[in-house]
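S.K.: Only the shape, not the letters, is given here:
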């Protein structure tokens, strides 16, 4: 058995909300092997997004340990964490988070500025990645001139630009129509097949067909698929 | 992050919000222009005052005389300090003896120590039919150029049997037999002419006693604007002999000390310091430099006050920048979150937003410097015309400049405006840099 790429032990994340403590994550233990495609399923408020942001080093846990690629994130200082995110991770968000004033290729090239990559190399790599996601002819378009699916493909290209080992996607299809959503999931699946580790957070059960591993979250706790299904039958899931 | 990339990112970010950046920068333009104009005005006033001053006296000269009263009082007034009777009985006050002169000579920076003496009594000058009055002045140097004097005719050398006269001496000659209504004769050209100097004294019974000297004018000095214009310079030994004749006693400078000594220093900047050392020796010392220094201090205060007024405008502009940046950071919260997610360090984010704030300051500063400089030039043209009219009415030399912008001022103003911009951006930029990525990304 290989060493897990991600190891989470006793992870908790509590928020204070108007005097009451919300337990977004309440003692989560997960191991994720490298080169897997993991889908984290859970209804809204189950803590799945909190988990993703903690794994991505974008948030700090209230307790527990997070190990990614042999490094402990929960005690890492801000600067090293930023460099770690830059070199090891690619993020894909539900709302794309493209910089509106930049063209598609500039958005893709943007993260490389912080890595100190030269301008010509940035341009060359961004153009190559855009053609990989089928947007070579759209590289000079602003996000507002692209469809939702195209914007998310730009975001995928951006996530790949520093050649990360781990891709973290938060509801990547949430703002897309079905066919665009399938295209995006297909792309993520391709990334997995090319050797990357992909972790997708979603509440859409259709996405599980690409997954090699599934994690089910309910009220901040990891549950089995059976428990998850029965809970889903008991109460209709609120749409996110 | 590379500096060039940072710069490109900052200009790009400023460029996409032109209207807001422009409006914010206008405040800086006004503030910087105000600083440039007001400080230029203060510097112009100082320059003017200094130009008028440099005509008055040589700043490398210190007038030294013995202390007559109690304590070393500094005497002012153009260096015309008359010796009162050769220093009679005052006992313990130090005298300007040759030993004292040697001590002054030993002060570093002193180039020459020249005793000077005026004629105690009255004298009349005669040239052909004309008579004239002037003060007779003996200087213990053979060359008046050491005192910063220049000759317009002949030389500045003072030899036995000859005199060098100030520029206005000839104008003092008049015809004593002139009848009322008659045209007064033009001032004579005395250069290389023989003139007669008559010293006058009175004995105990009030009888007038005269002594005549015939001398040749070997030099006429250029106008300086001080008492040298009205002086007739003769060798020191001659003035000593004349004063001994007037008093009827021998003068022993080594015992009684000189009444006045001129100390020449190498550099005007040292004059005050050396004057202080001479005062510490128990003498009176006066230098024009102390006057100039006081005046310079006044103008320095004026510059600070004027600059301060401009700085108030800049302060208001700074608040504008802080406001704009705070707004901008609120709007771009998600962008900041994204930057952090893709690997921007806190330092990168801080640099970007500080850079944008400094950029607004720089743009405003650039505009302000140009406008301030142009306004200064316009003001100059108007003011010089006005002041030139005034000075022709009052008979002074016209000012050469009213508003003066030295090269350092625009550079300083530009740097200052940029700095102000950066300082104003500090709080918003720090807020941006320390945002928690997940909160920034989820900000609606």
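M.R.: Right, received. Where do you want to start? The model shown is predicted, which means the values in this text are computed figures rather than measured ones. Numbers count the residues shown, from 1 in each chain, chains lettered A, B, ... in the order given.
S.K.: mind listing what the one residue in chain B that gets nearest to chain A touches?
M.R.: Scanning chain B for proximity to chain A using CB to the nearest CB identifies residue B:343 as nearest, at 2.3 Å. From N, CA and C alone the C-beta is placed, and that goes for glycine too. The contact partners of residue B:343, taken as CB atoms under 8 Å, 6 or more residues apart in numbering or on different chains, are A:82, A:83, A:85, A:86, A:87, A:111, A:114, A:115, A:162.
S.K.: Please list only the buried members of these.
M.R.: Burial by neighbour count, 16 or more other CB atoms under 10 Å in any protein chain shown: within the contacts of residue B:343 this picks out A:82, A:85, A:86, A:111, A:114, A:115, A:162.
S.K.: pretty sure residue B:271 contacts residue B:287?
M.R.: Yes. Under the criterion of CB atoms under 8 Å, residue B:271 makes contact with residue B:287 at 4.5 Å.
S.K.: quick one, which of those two is more surrounded?
M.R.: Using other CB atoms under 10 Å in any protein chain shown as the criterion, residue B:271 and residue B:287 rank with residue B:287 on top: 29 against 26.
S.K.: from memory the more buried one sits against residue B:272, does it?
M.R.: Yes. Applying CB under 8 Å, one finds residue B:287 in contact with residue B:272, separated by 6.4 Å.
S.K.: so where do the strands sit in the chain?
M.R.: Defaulting to chain A. Along chain A, counting by DSSP state E, strands occupy A:6-17, A:20-32, A:37-41, A:63-68, A:71-72, A:89-92, A:166-170, A:197-202, A:213-218, A:221-223.
S.K.: think we crossed wires, I meant chain B
M.R.: Taking DSSP E as the criterion, chain B carries its strands at B:61-66, B:110-118, B:122-127, B:130-132, B:135-139, B:151-154, B:162-165, B:194-202, B:208-221, B:231-235, B:260-265, B:283-287.
S.K.: what helices or strands is the helix or strand bottoming out on mean pLDDT in chain A leaning on?
M.R.: Between all helices and strands in chain A, the lowest mean by mean pLDDT, DSSP states H and E belongs to helix A:225-234, at a mean of 84. Contacts defined by 3 or more CB pairs under 8 Å, 6 or more residues apart in numbering or on different chains; DSSP states H and E place helix A:225-234 against strand A:213-218.
S.K.: now the strand it packs on, how far from the centre of its chain.
M.R.: 15 Å (CA atoms, centre = their mean, to the nearest Å).
S.K.: what's it in contact with?
M.R.: Counting by CB under 8 Å, 6+ apart, residues outside strand A:213-218 touching it are A:28, A:30, A:32-33, A:36-43, A:46-48, A:51, A:208, A:222-225, A:227-228, A:231.
S.K.: Quick one: name the residues of chain A near chain B.
M.R.: Residues of chain A lying close to chain B (CB under 8 Å from any CB of the partner chain) are A:53, A:56, A:58-60, A:78-79, A:82-83, A:85-87, A:91, A:93, A:97, A:99, A:101, A:110-111, A:113-116, A:119, A:158, A:162.
S.K.: low-confidence ranges in the chain?
M.R.: No chain specified, so I'll use chain A. For chain A, the stretches flagged by pLDDT under 70 are A:1-2, A:235-240.
S.K.: was after chain B, sorry
M.R.: Short version for chain B, where the test is pLDDT under 70: B:52-57, B:69-92, B:391, B:393-400.
S.K.: Around chain A, pick out the residues from it.
M.R.: Listed as neighbours of chain A in chain B under the rule CB under 8 Å from any CB: B:1-2, B:5, B:9, B:12-13, B:16, B:334-335, B:337-348, B:436-438, B:441.
S.K.: Can you say which of these are buried?
M.R.: Looks like the residues of chain B next to chain A have B:1, B:5, B:9, B:13, B:334-335, B:337-346, B:348, B:437-438, B:441 buried, using 16+ other CB under 10 Å.
S.K.: Could you identify the longest helix within chain A?
M.R.: helix A:178-193 (DSSP state H).
S.K.: Could you list the buried residues of that one?
M.R.: Buried positions in helix A:178-193, judged by neighbour count with 16+ other CB under 10 Å: A:180, A:181, A:182, A:183, A:184, A:185, A:187, A:188, A:189, A:191, A:192.
S.K.: What are the buried residues along stretch B:18-28?
M.R.: Along stretch B:18-28, these residues count as buried under the neighbour rule (16+ other CB under 10 Å): B:21, B:24, B:25, B:26, B:27, B:28.
S.K.: and if you look at stretch A:162-179?
M.R.: Buried positions in stretch A:162-179, judged by neighbour count with 16+ other CB under 10 Å: A:162, A:164-176.
S.K.: and residue 192, what does it touch?
M.R.: Using chain A here. Here residue A:192 is in contact with A:35, A:36, A:37, A:198, A:210, A:212 (criterion: CB under 8 Å, 6+ apart).
S.K.: That was the other one, I meant chain B.
M.R.: B:153, B:154, B:216, B:217, B:218.
S.K.: how about these in CSV, adding neighbour count?
M.R.: Formatted as CSV, those follow (neighbours: other CB atoms under 10 Å in any protein chain shown):
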residue, neighbour count
B:153, 17
B:154, 17
B:216, 15
B:217, 22
B:218, 20
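S.K.: Of all the strands of chain A, which one is nearest residue B:190?
M.R.: Minimum separation from residue B:190 across the strands of chain A (CB to CB) falls at strand A:89-92, 98.4 Å.
S.K.: Show residues contacting the closest one.
M.R.: Counting by CB under 8 Å, 6+ apart, A:56-58, A:85, A:152, A:155-156, A:158-162, A:164-170, A:172, A:188, B:341-342 sit against strand A:89-92.
S.K.: what do you get if the cut-off is 6 Å, keeping everything else the same?
M.R.: With contact meaning CB atoms under 6 Å, 6 or more residues apart in numbering or on different chains, strand A:89-92 is reached by A:56, A:155, A:156, A:159, A:160, A:164, A:166, A:167, A:168, A:169, A:172, B:341.
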